[in-house]
Each structure stands twice: as C-alpha cells, then as structure tokens.
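**Student:** Everything below, folded, please.
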Amino acid sequence: MSWDSVSADDVEGYQVWRSDSDQGKYTLLKTTTDCSYTDTTAEGGKVYQYKVRCYWTIGGNAYYGTFSSPASVTTLPKKVSGIATQTRTETSLGLSWKQTQGAAGYQIYQYSAASDQYEMVADVEGESTSYTVSGLTGATEYKFKIRAYEKNNDNVLAGSFSDVYSDVTLPGQVNLTNVSATGTSSVKLTWKAVDGVTGYMIYRLDTATGEYRQIATVKSARTLFYSD
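**Tutor:** The predicted structure is shown next:
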C-alpha cells in the first residue's frame, strides 16, 4: 500500500493500522518514515481494513494527525493443497483437495501435450472440493494444477497454482478373442492388445468358492496369449 506524503514540515512519520473486519478493532502494524508499506503478516483469502495517520513529536510528546479513510483489501486465496484421487476409471479421474479459506471457487487445469501448456478444464464454484475429469484415455498419465479464486464485485482474484498433481487412468477392458482346449487338462487364451499397459493378469474361477483368483501374470504387453 502507499499514500501521499503530508506536507507539514514537522511530520516525522506515519502509523499503519489494520483491522480484519469492518467493525473490528484496529491494531498498529508499523511505524515508518516511508509513504508505503507491505503487510507480510496478512493471511490468504481474507478481507482487511487499513488506516494511516501521520505523527510528530514536540517536547518529547507525540502528536497524531487524523486517520485516513479506511482502505479495504482482499488478499489472494492460499495455494491449494491436499490433492488426491478419489475415483478412477478408464476414462475419468475423480479429484479432491483441501478447502481453501475464503475461496469462492476453484479452477482445474490439465496439461495438454498438443499445446505444451496447462488449460482450464473446469470451474468449480462454491464450497465443493471435488471434481471428476472425464473424456480421458485408458492407461494414460495426466497432470493437473488447481488454484482457488475469490470474487471482488465483478473481478475474479485467483491465487497461486497448486503443485503439479499426476495420476493414471485404469487400463481398458481386455477383449478375449479365443478360449480353446489344447488338451485334456490345458486351455489356451488369446486376446487383443490394450493400449498403454505393461502386462496382463490372468484370473480363473474357483468353483469351490465362486470367486476368481489370479493364477498368472503375463509381464509383456506384446504377449497376447496364455496357456493354462
């Protein structure tokens, strides 16, 4: 913040006072000889009121001028944190994050390889702290950044971006192309390749329990068959 200097010759400096509400008590923040001050103790996403007055000293006694009119300032929201994946499918990632004080909403940005930059994919208004990004491709890593914003009249004031958060969608469904007996006690399975995977897990029904259990892992994405 800054202000015009008081032209009186005997002015020695200025006092900066702050309140965290319209009707709240003002507290002295700084005594300075400058005509500007940066408040480094303010919290993100809050509204503060500031007043400034000049002072001078005569015979060891301090005298003060009239306070300026209050100036209202809204600080930017804090950096979004605590991003996590709550749901995951082949085509979507359900993200959540911690609520940010004073936020009127959140902007979700997703990295685009085509443009080599982050592009906004959603504007989540209100107190909601979750969003499902859809239209994704299976077995693919995606990167996101989120920032909180507040509204001052018609102006949108956005805070700093979160750290980059990345996660992977689930692989697509395997399409079996053939299941055939190759002997009295052997079966061969074949299937179509699934993009983006590093291997396949084979499950077989256990008739005793009625549940499927894993019997093998095919550790190559190029191997599209298995013999049991």
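
**Student:** Show me the beta-bridge partners of Arg213.
**Tutor:** Beta-bridge pairing of Arg213 under DSSP bridges involves Arg204.

**Student:** Could you verify my assumption that it touches Met201?
**Tutor:** No - counting by C-beta atoms under 8 Å, Met201 is not a contact partner of Arg213; they are 10.7 Å apart. For every residue, glycine as well, the C-beta is placed using N, CA and C.

**Student:** In three-state terms, label Thr198 for me.
**Tutor:** Following DSSP: H, G, I helix; E, B strand; the rest coil, we place Thr198 in the coil state.

**Student:** hey, what's Tyr55 bridged with?
**Tutor:** Gly13, Tyr64.

**Student:** correct me, but it touches Ala8?
**Tutor:** No - with contact defined as C-beta under 8 Å, Tyr55 does not reach Ala8; the gap is 10.9 Å.

**Student:** More neighbours: which of these two?
**Tutor:** Tyr55 (16 against 9; other C-beta atoms under 10 Å).

**Student:** And the pLDDT at that one?
**Tutor:** pLDDT recorded at Tyr55 is 96.

**Student:** Next: the one 5 residues further on.
**Tutor:** Looking at Gly60, its pLDDT stands at 89.

**Student:** Tell me how this structure divides into domains.
**Tutor:** 13-74, 84-168, 176-227 (automatic domain parsing).

**Student:** Just send these back as TSV, with distance to Asp4 too.
**Tutor:** Below are these laid out as TSV (distance: least, C-beta to C-beta, whole Å):
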stretch	distance to Asp4
domain 13-74	7
domain 84-168	24
domain 176-227	63
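
**Student:** Point out the most buried one among these.
**Tutor:** Most buried of the domains of the chain by mean neighbour count (mean count of other C-beta atoms under 10 Å) is domain 84-168; its value is a mean of 15.

**Student:** Would you mind listing the residues touching both of Arg213 and Met201?
**Tutor:** The contact sets of Arg213 and Met201 do not overlap (C-beta atoms under 8 Å, 6 or more residues apart in numbering).

**Student:** Could you give the bridge partners of the residue nearest the centre of the chain?
**Tutor:** With the centre of the chain defined as its mean C-alpha position, the nearest residue by C-alpha atoms, centre = their mean is Ile146, 3.0 Å away. Counting by DSSP bridges, Ile146 is bridged to Ile108.
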